[in-house]
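> For reference, the sequence and a predicted model appear below.
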Amino acid sequence: MNVLRNGAGSLLGLLVLSLQVQGAPEATLPRDVPQKHWAASAVRTVLQTGVMGAPNGVFNGDRKVTRSEAIAALARFARLLEQRRWPRTEPQPVGDVKTTGQWRERTVTRYELAAVLARTGAYAMAGLPKKAAAKPTLSEAIPPKARVGKTRLSPAVLKDLQYLVDRRMLWPGSPLLEGGSEPVKGQELAIAVTQVITGVNDILTAEPEDREEIPHPPRR
């Protein structure tokens with residue numbers, strides 16, 4: 001668990017900065033996204049999949065992402081992965097390694113959220129089982145289901161949050177559990193995406209028939 005939490009920021013920060021996805025679905029770009037923008041391919045992907053929107057034909061890519069907006073996007077992303085409906089693109093190897101220190105503490109823009117989801121979706125799909133398990137594994141390596149406290153979230157966002165929590169795709173302690181208009185930082189998003197993908201894998205992975213139970217250590 002600590003490996004997942006501590007390494008998430010660096011791993012996904014590198015993905016955001018370094019990966020290139022080939023064959024993103026061709027879709028009309030919003031009028032405020034230039035054809036040659038660095039995130040144009042990612043914007044096409046998230047719009048075609050419905051993970052993010054462009055009301056009135058405007059994407060507002062430089063706007064900061066709020067926790068509530070991240071919850072909604074992650075829930076849509078998770079549903080598509082769980083249903084194996086994310087666009088199949090060839091995962092590309094990590095290229096030039098760049099520092100991710102600034103990414104961890106900096107607030108995330110809509111362009112960056114689109115890039116994270118588009119570029120990690122290919123890797124997530126490549127690692128998922130070919131078909132859903134009849135008897136999913138409930139891994140003890142994943143923390144117990146988090147609690148959703150009293151919030152002022154809209155019914156739609158609350159439903160998305162509950163979906164993620166029920167499937168252990170957001171873990172206890174995640175800042176996203178609070179929702180609201182607070183901007184999301186890079187480290188927070190990186191950890192949340194890692195938790196979502198881990199949860200999806202847990203749901204779709206079959207229980208091994210020959211699994212050996214690891215005994216609990218004796219009490220002292």
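Received the coordinates, thanks.
> Which elements pack onto the strand or helix carrying residue 122?
Per DSSP states H and E, residue 122 falls inside helix 110-127. Judged by 3 or more Cβ pairs under 8 Å, 6 or more residues apart in numbering; DSSP states H and E, the packing partners of helix 110-127 are helix 2-18, helix 40-49, helix 67-82, helix 186-204. Where you see a C-beta, it was placed from the backbone N, CA and C, and this is true even at glycine.
> can we see that at 6 Å?
Packing contacts for helix 110-127, counted by 3 or more Cβ pairs under 6 Å, 6 or more residues apart in numbering; DSSP states H and E, involve helix 2-18, helix 40-49.
> confidence score at the residue most central in space within the chain?
For the chain, the residue nearest the mean C-alpha position is residue 193 (3.0 Å; Cα atoms, centre = their mean). Listed pLDDT for residue 193 reads 96.
> go on, residue 7?
pLDDT, residue 7: 47.
> Might you list the low-confidence residue ranges for this structure?
1-27, 90-102, 136-137, 207-220 (pLDDT under 70).
> 90 instead, please
Applying pLDDT under 90 to the chain flags residues 1-28, 87-106, 119, 122-123, 126-141, 147-153, 178-179, 203-220.
> Now do the helix holding residue 122 against helix 67-82, angle only.
Between helix 110-127 and helix 67-82, the angle formed by their directions is 20 degrees, by axes from the mean of the first three to the mean of the last three Cα atoms, to 10 degrees.
> Which is the succeeding secondary structure element to helix 110-127?
For helix 110-127, the following helix or strand on the C-terminal side (DSSP H and E) is helix 155-166.
> what does that following helix contact?
Identification of contacts with helix 155-166 by Cβ atoms under 6 Å, 6 or more residues apart in numbering yields 68, 71, 72, 75, 146, 148, 170.
> switch to 8 Å and redo it
Residues outside helix 155-166 that contact it (Cβ atoms under 8 Å, 6 or more residues apart in numbering): 68, 71-72, 74-76, 78-79, 145-148, 151, 153, 169-170, 176-177, 179, 196, 199.
> Likewise for stretch 111-118?
12, 15-16, 21, 24, 37-39, 41-43, 45-46, 51-52, 61-62, 65, 69-70, 73, 77, 108, 184, 186, 189-190, 193.
> Check these for burial and list the buried ones.
The neighbour count (16 or more other Cβ atoms under 10 Å) marks 12, 15-16, 21, 24, 39, 41-43, 45-46, 51-52, 61, 65, 69-70, 73, 77, 108, 184, 186, 189-190, 193 as buried among these.
> Would you mind measuring from the residue nearest to the centre of the chain to residue 111?
Noted for residue 193: a distance of 16 Å to residue 111, by Cβ to Cβ, to the nearest Å.
> With residue 38 instead?
For residue 38, the distance to residue 111 (Cβ to Cβ) stands at 8 Å.
> Check residue 46 too.
To residue 111, residue 46 is 10 Å away according to Cβ to Cβ.
> how deep is residue 181 tucked in, by neighbour count?
Other residues within reach of residue 181, judged by other Cβ atoms under 10 Å, total 10.
> got it, and residue 31?
Using other Cβ under 10 Å, the number of residues around residue 31 comes to 11.
> I'd say it and residue 56 touch.
No - the pair residue 31 / residue 56 is not scored as a contact, 9.3 Å apart, by Cβ atoms under 8 Å.
> Buried ones among the contacts of helix 155-166?
Among the contacts of helix 155-166, those that count as buried by neighbour count (16+ other Cβ under 10 Å) are 68, 71-72, 74-76, 78-79, 146, 148, 153, 169-170, 176-177, 179, 196, 199.
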